[in-house]
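Undergrad: Kindly return the folded structure for what I paste below:
(one chain, ligands or ions: 1)
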Amino acid sequence: MGRRRRQKTRRRPPKRIPDVYSCPDCGNTAIKIDLYRDNEMAIVKCGSCGLEMTITDVNALTEPVDIYGSFIDRYYGERKP
Ligand SMILES: [Zn+2]
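TA: Predicted coordinates:
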């Protein structure tokens, strides 16, 4: 009896968290986060409108998404009257 063996060799690529985020100012997904754990800081910069912010509450466990959260908080915090 012929037994066909179907080999599925398709591997799912590991899901990568995109390192670009949407900009609260211009609305484009152009925010890039440069994380400098050694210096305990991060620079958030929008490649579209040029909005830039330095985040200094960085530690060894800080992930870019946390930086983005701090950035958003600060962005809207500063706008509050
Ligand atoms: Zn922008």
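Undergrad: Of all the strand elements in this structure, which one is longest?
TA: When the chain is parsed with DSSP state E, its longest strand is strand 29-36.
Undergrad: Contacts only, for the spatially most central residue of the chain.
TA: The centre of the chain sits closest to residue 19, judged by C-alpha atoms, centre = their mean, with a distance of 3.7 Å. Counting by C-beta atoms under 8 Å, 6 or more residues apart in numbering, residue 19 touches 32, 33, 64. C-beta here means a position set from N, CA and C on the backbone, and glycine is covered the same way.
Undergrad: need the strands for the protein, in chain order.
TA: When assigned using DSSP E, the strands of the chain occupy the ranges 20-22, 29-36, 41-46, 52-55.
Undergrad: So which bits of the protein are right by the ion?
TA: 23, 25, 26, 46, 48, 49, 51 (C-beta under 5 Å from the ion).
Undergrad: Mind checking which of the residues you listed are buried?
TA: Neighbour counting over the residues of the chain next to the ion (16 or more other C-beta atoms under 10 Å) leaves 23, 46, 51 as the buried ones.
Undergrad: The first one - nearest residue in space that isn't next to it in sequence?
TA: In space, not counting the residues next to it along the chain, residue 23 is nearest to residue 46; the distance is 4.4 Å by C-beta to C-beta, 6 or more residues apart in numbering.
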